[in-house]
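Undergrad: output the structure for:
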Amino acid sequence: MNPSRNIKLLEWHEFFVSFVLWGPIAILYFSKISGSYALGLSVFSVVQLTAALFELPTGILSDFVGRRKTIILGALSYIIGFSLYAIGGSYLILLIGAIFEGLARSFYSGNNEALLYDSLEQTN
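TA: Numbering: from 1, shown residues only. The predicted structure is shown next:
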């Protein structure tokens with residue numbers, strides 16, 4: 001794949017993944033579904049814990065299957081996670097969505113930086 005194209009695509013990818021307009025109202029939505037602010041905030045905690053837990057396994061997977069496929073797996077995990085948030089009929093569904101979001105974050109975490117490094121190295 002073209003290294004210059006990789007750099008440009010990663011730039012747009014990071015922008016759209018980090019551009020979270022729903023962030024300020026997420027706690028209101030999660031607490032409405034779960035019944036309390038504490039449980040609503042726990043959804044965010046599950047995302048961070050899952051991302052930390054899967055950090056090493058997804059890094060190893062990235063080395064075996066490739067950076068591009070890992071980004072695709074991360075995108076699929078995000079889609080599943082946010083779809084579950086949208087369905088969100090119960091606290092359990094929100095937690096499963098949080099696990100998928102955390103998994104997506106761990107797919108992106110080191111993988112995107114490694115792909116950027118590889119691409120920059122190819123372009124000198």
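
Undergrad: so Phe54 touches Ala104, yeah?
TA: No - applying CB atoms under 8 Å, one finds Phe54 not in contact with Ala104, separated by 9.5 Å. Every C-beta, even on glycine, is put in place using the N, C-alpha and C of the backbone.

Undergrad: from the contact counts, what lies against the strand or helix carrying Ser77?
TA: Assigned by DSSP states H and E, Ser77 belongs to helix 67-87. Applying 3 or more CB pairs under 8 Å, 6 or more residues apart in numbering; DSSP states H and E, we find helix 67-87 packed against helix 55-65, helix 91-123.

Undergrad: coming back round to it: more neighbours: which of Phe54 and Ala104?
TA: Ala104 (27 against 20; other CB atoms under 10 Å).

Undergrad: quick one: the helix holding Ser77 to helix 55-65, angle?
TA: Relative orientation of helix 67-87 and helix 55-65, computed by axes from the mean of the first three to the mean of the last three CA atoms, to 10 degrees: 130 degrees.

Undergrad: state the mean pLDDT of helix 67-87.
TA: Across helix 67-87, pLDDT averages out at 90.
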